Every structure is written in C-alpha cells, then in structure tokens.
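Trainee: Build me a model from this:
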Amino acid sequence: MRRGRKRMERLSLMASAESDSSVESPVHAGNGEFLMQLAIGTPPSSYNAIMDTGSDLIWTQCKPCKQCFDQSTPIFDPKKSSSFSNLPCSSTLCDALPSSTCSDGCEYLYTYGDYSSTQGVMATETFTFDK
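Mentor: From the prediction side, this is the model:
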C-alpha cells in the first residue's frame, strides 16, 4: 500500500512539473523489449535505451559505477555533462521514493515486481529524443 501511495505522489509531482513541450520518439521492437534512441547530457551522448513500461523511473549506469553489468555502450559520465545535477535530499521527488536514504545526495533502492532492483543516486539530467 505504501509503495502504491508513494508512486502516486511521484506521478503527481511529475505531472505538475513545468514542461516546454511534449515528447515524441520512434520506438523499435527489440528482442522482447521496446527500444528508443535518445541522448543524455550536455553535450548529448547517444544511447539505445529500453523503454520500461513497468515503472516511472528512468535510469542508466553512471561513472563511477560499483558492480556495473556489461553493456555495449559507454557508461554515462556525469562529470562530462554541464546539465547533470544530484537531487537534494530535501527534494519532494526524493521524499516520494518508495525507499531512499540520504548520505551523498538522494540515494534510492527501487525494487520491481519481479524482485530485480536498481539502486543509486537520484539526479536530474537533460534528455534529447530523435524525431
């Protein structure tokens, strides 16, 4: 119940955030997943990303990465992006996470329905989508 309430809070916060425009991007069928081309950061670095329809969280492995899994694209380096910003612990988005702690910014642990999980530091970043 708590997880559902926290997710609703996050969705409400994101829906109320100001937006310059709507986002559209082509989606391609992959091997059992949906893929889209996007760029992360300023200047933008291009990636093929899996479109996750099972959650409202967008994440990628970032340097320095502990226990990284192998990936074919370079790991994102936030130090090379002028638009990357760690989310402060006092942020309402941090507070709305199902599980968060605060030591080096807003740290999260997010568990999916299949019991797999992701954890890291919450941040904001610029995304650029192909049209």
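Trainee: Just give me how far stretch 42-52 sits from the chain centre.
Mentor: 11 Å (CA atoms, centre = their mean, to the nearest Å).
Trainee: Could you report the pLDDT at the spatially closest residue to residue 69 that is not a sequence neighbour?
Mentor: Take residue 69 and drop its neighbours on the chain: the residue closest to it by CB to CB, 6 or more residues apart in numbering is residue 61, 7.4 Å away. Quick note: C-beta positions are derived from backbone N, CA and C, even for glycine. We have a pLDDT of 88 for residue 61.
Trainee: For residue 61, what are phi and psi?
Mentor: phi -70, psi 140 (degrees, to the nearest 10).
Trainee: Now do the contacts for it.
Mentor: 68-69, 71, 75-76 (CB atoms under 8 Å, 6 or more residues apart in numbering).
Trainee: Now for the residues you listed: which two are most distant?
Mentor: Pairwise distances across those (CB to CB) peak at 13.8 Å, for the pair 69 and 76.
Trainee: Comparing the two, which shows the higher neighbour count?
Mentor: Taking neighbours as other CB atoms under 10 Å, residue 69 and residue 76 compare with residue 76 leading, 18 against 6.
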